[in-house]
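Chemist: Predicted model and sequence below, questions to follow.
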Amino acid sequence: MNIHNKEFIHYEFIADPGQNPLRVDRFILNFIEFATRNKIQNAIKNGNVKVNGLEVKSNYKVKAYDQVTISYSYPKVENEIVPQDIPLNIIYDDDHLLIVNKPAGMVVHPGYGNYDGTLVNALAYHFKNLPNQGDISRPGLVHRIDKNTSGLLVIAKTEFAMLDLAKKFSDRNLNRKYYALVWGDVKDDSGTIIGNIGRSLKNRKIMTVFPEGEYGKSAISHYKVLERFGYTTLVECKLETGRTHQIRAHFKFIGHPLFNDAEYGGDKILKGTTFNKYKQFVDNCFKICSRQALHAISLGFNHPFSKEELYFESHLPKDMKDLINKWRDYSKHKLSIL
């Protein structure tokens, strides 16, 4: 939970029942996006971090059910949100919310190195006075998907809708499905991946699975195999939680990185033969879909105002459709290709 005033954001977190003892600075790093350890250390030194109402030092170990609060200064705003006339693929729109089908390559909101050309810049142009819950850089946003992931996003148009949708995400009362092409032949036709996800201790740009629960936030991904292509597998993923890079990190963890996912090692030939023709085939596949093969294909929830059950689907984008067809043809005619 976070509460805003003019100078600080006040965060409050409750440690999960299974939380293993973890330094308070590391614990907080899991929850505040773009936080730095240096800034958290300064907050601790200034008495702005409390556990169960008492000020603590950085070496305090957070335990199950601990209540952690931090007053965290706002990040500097490099640029105001500039409305930009960027076309949006809107598949639903009413007085309370809209559903956008985001293309791969579009950043959702401004951040370090991306101050324009984002979905938020487009929203600021097409819609006025979207709610922001105190964060002017994210008007209307209830959730997000990665820059190079395509698919459906719900945008709130009123404060009521934003609060209701945020609660739905928090309570897991939404139905979200993704299609992903992953490396390797996934053994089981269906399954569940469980493992805490937190920022990598070696590379802060990516996430890592901590299966023992000693770090990160709990994460649960369900999957179902849709089609097998020998060296790759098309899967449908249903998220029970919504952690940063959840599908990408979870499938990397079980040995099946997403196809062409550069940050998680999927941009190399991980399965297959050593024949030159096969290498050429995979290189062509990388060119067809030059990003991680992941698409948010459906989104379902009850409308915040009318309570009507809503369900939306989007077609696979051309790059993923062509990629899947390429692997499908390869699996059928493997001998003739090689």
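Modeler: In hand now; what should we look at? Here the structure is a predicted model, which means the values were calculated and not measured.
Chemist: Counting neighbours, which bits of stretch 223-230 end up buried?
Modeler: Neighbour-count burial for stretch 223-230 flags Tyr223, Val225, Phe229 (criterion: 16 or more other CB atoms under 10 Å). (Each C-beta comes from the backbone N, C-alpha and C, glycine too.)
Chemist: could those go into JSON lines alongside pLDDT and distance to Gly300?
Modeler: Listed next are the buried residues of stretch 223-230 as JSON lines, based on pLDDT from 0 to 100; distance: CB to CB, whole Å:
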{"residue": "Tyr223", "pLDDT": "98", "distance to Gly300": "18"}
{"residue": "Val225", "pLDDT": "98", "distance to Gly300": "22"}
{"residue": "Phe229", "pLDDT": "96", "distance to Gly300": "28"}
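Chemist: mind listing which of these are in strands?
Modeler: Counted as lying in strands by DSSP state E, out of the buried residues of stretch 223-230, are Tyr223, Val225.
Chemist: for this protein, which helix is longest?
Modeler: Secondary structure of the chain per DSSP state H: the longest helix is helix 318-332.
Chemist: what sits up against that one?
Modeler: Contacts to helix 318-332, defined as CB atoms under 8 Å, 6 or more residues apart in numbering, come from residues 104, 150, 179, 181, 227-230, 232, 234, 259, 281, 284-285, 288-291, 293, 295, 315-316, 337.
Chemist: quick one: the helices in the stretch 51-200 of the chain?
Modeler: For the stretch 51-200 of the chain, the helices defined by DSSP state H, counting those that start in this stretch cover 119-126, 159-171.
Chemist: then the longest one to PDB, C-alphas only?
Modeler: What follows is the C-alpha trace of helix 159-171 in PDB, where atoms were taken according to Å, rounded to 0.1, in the frame of the first residue of the first chain:
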ATOM      1  CA  GLU A 159     -11.000   7.300  -9.600                       C
ATOM      2  CA  PHE A 160     -13.700   4.800  -8.800                       C
ATOM      3  CA  ALA A 161     -12.700   2.500 -11.600                       C
ATOM      4  CA  MET A 162      -9.000   2.800 -10.700                       C
ATOM      5  CA  LEU A 163      -9.600   1.900  -7.100                       C
ATOM      6  CA  ASP A 164     -11.900  -1.000  -8.000                       C
ATOM      7  CA  LEU A 165      -9.500  -2.400 -10.700                       C
ATOM      8  CA  ALA A 166      -6.500  -2.000  -8.400                       C
ATOM      9  CA  LYS A 167      -8.300  -4.100  -5.800                       C
ATOM     10  CA  LYS A 168      -9.100  -6.700  -8.400                       C
ATOM     11  CA  PHE A 169      -5.400  -7.000  -9.300                       C
ATOM     12  CA  SER A 170      -4.500  -7.100  -5.600                       C
ATOM     13  CA  ASP A 171      -7.200  -9.700  -4.800                       C
END
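Chemist: and it, what other elements does it pack with?
Modeler: Secondary-structure packing of helix 159-171 (3 or more CB pairs under 8 Å, 6 or more residues apart in numbering; DSSP states H and E): strand 150-156, strand 294-302.
Chemist: can you list those strands in a markdown table and add distance to Leu97?
Modeler: A markdown table is the format used below for those (distance: least, CB to CB, whole Å):
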| stretch | distance to Leu97 |
| --- | --- |
| strand 150-156 | 6 |
| strand 294-302 | 10 |
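Chemist: Please identify the most buried of those strands.
Modeler: Among the helices and strands packed on helix 159-171, strand 150-156 has the highest mean neighbour count (mean count of other CB atoms under 10 Å), at a mean of 24.
Chemist: Run the angle between it and helix 318-332 for me.
Modeler: Counting by axes from the mean of the first three to the mean of the last three CA atoms, to 10 degrees, strand 150-156 lies at 140 degrees to helix 318-332.
Chemist: Centre of the chain to strand 150-156, how far?
Modeler: 12 Å (CA atoms, centre = their mean, to the nearest Å).
Chemist: Could you report the distance from Ser298 to Leu181?
Modeler: Distance of Ser298 to Leu181, given as CB to CB, to the nearest Å: 17 Å.
Chemist: what do you get for Leu258?
Modeler: Leu258 is 7 Å from Leu181, by CB to CB.
Chemist: Now for these two: what residues contact both?
Modeler: The contact sets of Leu258 and Leu181 overlap at Ala293 (CB under 8 Å, 6+ apart).
Chemist: related to what we said a few turns ago, and of the helices and strands packed on helix 159-171, who's closest to Arg23?
Modeler: Closest of those to Arg23 is strand 294-302, at 32.8 Å (criterion: CB to CB).
Chemist: If you compare the directions of the closest one and strand 150-156, what angle comes out?
Modeler: Angle of strand 294-302 versus strand 150-156, following the same axes, to 10 degrees, is 30 degrees.
Chemist: Counting by contacts, list what strand 294-302 packs against.
Modeler: Short answer (3+ CB pairs under 8 Å, 6+ apart): strand 294-302 packs on strand 150-156, helix 159-171, strand 175-183, strand 309-313.
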